[in-house]
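K.L.:
What follows is a predicted structure for the sequence shown.
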Amino acid sequence: CSKDMASYYNTMITKKKDMVRSTKIIEDKIDYSKVIHWDLETFQPVEDGVRHEIYASGFYDKKYRVFYGQDAMEKTIDHFLKFENKIISAYNGSGFDFSFLLDSLTERGAIITKLIMNNGKLMGFSWHIGKDESKSNKIFDLFLFTLPSGLKKACMDFKIENQKGDFDHEKMKSWDDVARVARERRRSWMQILL
């Protein structure tokens, strides 16, 4: 019998709603070995209160790397400039992180293409070094394709193995605060190791 006849039978005779039928399972369209997950943390200095200072930048590319301090973004960009054909994903990056990334990449000579803006948000772009555009990297914001929630909840919902931890970002108001928290973290790690 035809799909229409089956639909009529299910709806009218058995009073069941139509069911979605699929004949073929679609393969993943993304090679997840090429996806880099990236996040950065900033503070607004008390004396300024307007601009943001990056104090930490971390990313996962087969292993987790995190950089702290005034050169955190510079060290991250050192790694990113070596990438070819990667997808860099930052959760809610379009609302915040991508503007820092765009500035840092252009300062280092990256060629930006396919820039997509919407309502003041940097939705995505591609970039490469040199003339070979076939080695372009893409920027992607997973937040734009999920239900609106924080990164921690999204990690729990998707059952991500390495989930986002908690940190009181209100503690960070200056570079002295960054140094103090770093010392506290080192002490707590030493206590765990001993």
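P.N.:
Structure's in. What do you need? Numbers count the residues shown, from 1 in each chain.
K.L.:
Can you give me the distance of the residue lying closest to Trp175 once chain neighbours are set aside to Ala56?
P.N.:
Leaving aside its sequence neighbours, Trp175 sits nearest to Gln70 (CB to CB, 6 or more residues apart in numbering; 7.0 Å). Glycine gets a C-beta too; all of them are placed from N, C-alpha and C. With distances taken as CB to CB, to the nearest Å, Gln70 is found 11 Å from Ala56.
K.L.:
Next: Phe96.
P.N.:
Taking CB to CB, one finds Phe96 at 14 Å from Ala56.
K.L.:
Between these two, which has more neighbouring residues?
P.N.:
Between Phe96 and Ala56, counting by other CB atoms under 10 Å, Ala56 is the more crowded of the two (21 against 17).
K.L.:
tell me the phi and psi of that one?
P.N.:
phi -150, psi 140 (degrees, to the nearest 10).
K.L.:
separation between it and Arg185?
P.N.:
For Ala56, the distance to Arg185 - CB to CB - is 11 Å.
K.L.:
Quick one: the strands in the chain, in order.
P.N.:
With DSSP state E as the criterion, the chain has strands at 35-43, 53-60, 64-68, 87-89, 111-118, 121-128, 137-140.
K.L.:
Quick check, Leu81 in contact with Ile129.
P.N.:
Yes - counting by CB atoms under 8 Å, Ile129 is a contact partner of Leu81 at 6.0 Å.
K.L.:
Mutual contacts of the two, please.
P.N.:
Common neighbours of Leu81 and Ile129, using CB atoms under 8 Å, 6 or more residues apart in numbering, are Ala110.
K.L.:
Tell me which residues touch Ile36, please.
P.N.:
Applying CB under 8 Å, 6+ apart, the residues near Ile36 are Phe59, Tyr60, Asp61, Phe80, Phe83, Lys86, Ile87, Ile88, Ser89.
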